[in-house]
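J.: when you get a sec, could you give me coordinates for this:
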Amino acid sequence: MIKYIGSLVLYSIKHTNGITNLLKETIISTLTKKKDKKEIIYQMYQIGPLSFVFITLIMALLAFILVSQFGAQAVKFTGTADELGGPYFQLIIRQFGPFIVGMMLASKVTTSIAAEVASMRESGEIDSLRMIGISPIDYVVVSKFLASIPMTFILVIYGVIVAEYMGAFAAKTLFDTSPDTFISILFIEKRDIIQGVLKTFLIGVFIPITGCYAGLLDYQGKNSVGEASNKGIVFALSAVGLIDLVGGGVSFLFF
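T.: Numbers count the residues shown, from 1 in each chain. I've put the predicted structure just below:
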């Protein structure tokens, strides 16, 4: 048991350092090298529009479940669900919006990036870039990094809107709560917005970095693409979980 825990700790430290170093090099390249605007726009398309249907379905389902469960408890103890909207909106902004959308992007976008980069590595494209003096970070990582941050914000905002209006629909359907009553910003504080923005930004940063890092690793055997996808989703989901935990704590302590 101790040996297993020790191996897990060493594994985590190794890959945390690797992801951190890749992020550092990506930031330096972003600030110092010329960017390919067409490639950034293409990567934004790959991340954003292709994720809208997925996010719509999941956030709508989540909203209906949350409102039905919380509303049932509210009716049980207070006799009405009219006061549910304010706390629900607060929870979506600071917690479930960034976290759930981040998890969805980790499962969809990060695995796609990891598989793409691993395929490039397996086919020799990465080595060819290095041979002609082009850094894979400049050519592969930076465009995905710059595309991910704005698109993550757009997708989180979209997810919050979907969850709020589906929540209002659920409240009206199940508890006859007026949408005007349900959609309330009375409970929203500055700290909630800061927490949501901080989490969204960090998720946008780490979604492509974890995917590219997993794709650039050395793999033994023929199934390197599959291994890269598996590692990519593990790294990304771990990052989203840590961001949610640390981001919540930081905003609570300092804001």
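J.: buried set for stretch 225-245?
T.: For stretch 225-245, a neighbour-count test (16 or more other CB atoms under 10 Å) marks 225, 227-229, 231-233, 235-240, 243-244 as buried. Quick note: C-beta positions are derived from backbone N, CA and C, even for glycine.
J.: nearest to residue 94, of those residues?
T.: Using CB to CB, residue 244 comes nearest to residue 94 of those, at 10.0 Å.
J.: so how far is residue 97 from that closest one?
T.: According to CB to CB, to the nearest Å, residue 244 stands 11 Å off from residue 97.
J.: show me how far the helix or strand encompassing residue 68 is from its chain's centre.
T.: Per DSSP states H and E, residue 68 falls inside helix 52-78. With CA atoms, centre = their mean, to the nearest Å as the basis, helix 52-78 stands 20 Å off its chain's centre.
J.: quick check: next helix or strand after that helix?
T.: Scanning onward from helix 52-78 (DSSP H and E), the first element met is helix 85-91.
J.: can I get the CA coordinates of that next one in CSV?
T.: C-alpha atoms of helix 85-91 as CSV (Å, rounded to 0.1, in the frame of the first residue of the first chain):
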residue,chain,number,x,y,z
GLY,A,85,-33.8,31.0,-8.1
GLY,A,86,-31.3,33.3,-6.3
PRO,A,87,-29.1,30.6,-4.6
TYR,A,88,-29.4,28.4,-7.7
PHE,A,89,-28.0,31.2,-10.0
GLN,A,90,-25.2,31.9,-7.5
LEU,A,91,-24.3,28.2,-7.5
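J.: return the list of helices and strands in contact with that helix.
T.: helix 52-78, helix 142-175, helix 179-182 (3 or more CB pairs under 8 Å, 6 or more residues apart in numbering; DSSP states H and E).
J.: point out where the chain drops to low pLDDT.
T.: By pLDDT under 70, the weakly predicted segments of the chain are 1, 3-4, 220-222, 251-255.
J.: in it, which residue is most central in space?
T.: Central residue of the chain (CA atoms, centre = their mean): residue 102, 2.2 Å from the mean position.
J.: name the element it belongs to?
T.: helix 97-105.
J.: by contact count, what packs against that helix?
T.: Looks like helix 97-105 contacts helix 52-78, helix 142-175, helix 190-216, helix 224-254 (3+ CB pairs under 8 Å, 6+ apart).
J.: what is the burial count for the closest residue to residue 18 other than its chain neighbours?
T.: Excluding the flanking residues, the one nearest residue 18 by CB to CB, 6 or more residues apart in numbering is residue 213, at 5.9 Å. Other residues near residue 213 number 28, with proximity taken as other CB atoms under 10 Å.
J.: now do residue 134
T.: For residue 134, using other CB under 10 Å, the count is 13.
J.: residue 232 contacts residue 217, doesn't it?
T.: No. Residue 232 is not in contact with residue 217 according to CB atoms under 8 Å; the separation is 9.6 Å.
J.: residue 22 - nearest residue in space that isn't next to it in sequence?
T.: residue 213 (5.0 Å).
J.: got it, and residue 80?
T.: residue 74 (6.9 Å).
J.: pretty sure the residue nearest to residue 18 contacts residue 19?
T.: Yes. Using CB under 8 Å, residue 213 is in contact with residue 19, at 5.1 Å.
J.: what do these two both touch?
T.: Any residue near both residue 213 and residue 19 by CB atoms under 8 Å, 6 or more residues apart in numbering counts here, and that gives residue 235.
J.: any idea how many residues pack against the spatially closest residue to residue 36 that is not a sequence neighbour?
T.: Nearest residue to residue 36, sequence neighbours excluded (CB to CB, 6+ apart): residue 143, at 5.9 Å. Residue 143: 22 surrounding residues under other CB under 10 Å.
J.: also the one 5 residues further on?
T.: Residues lying near residue 148 (other CB under 10 Å) number 29.
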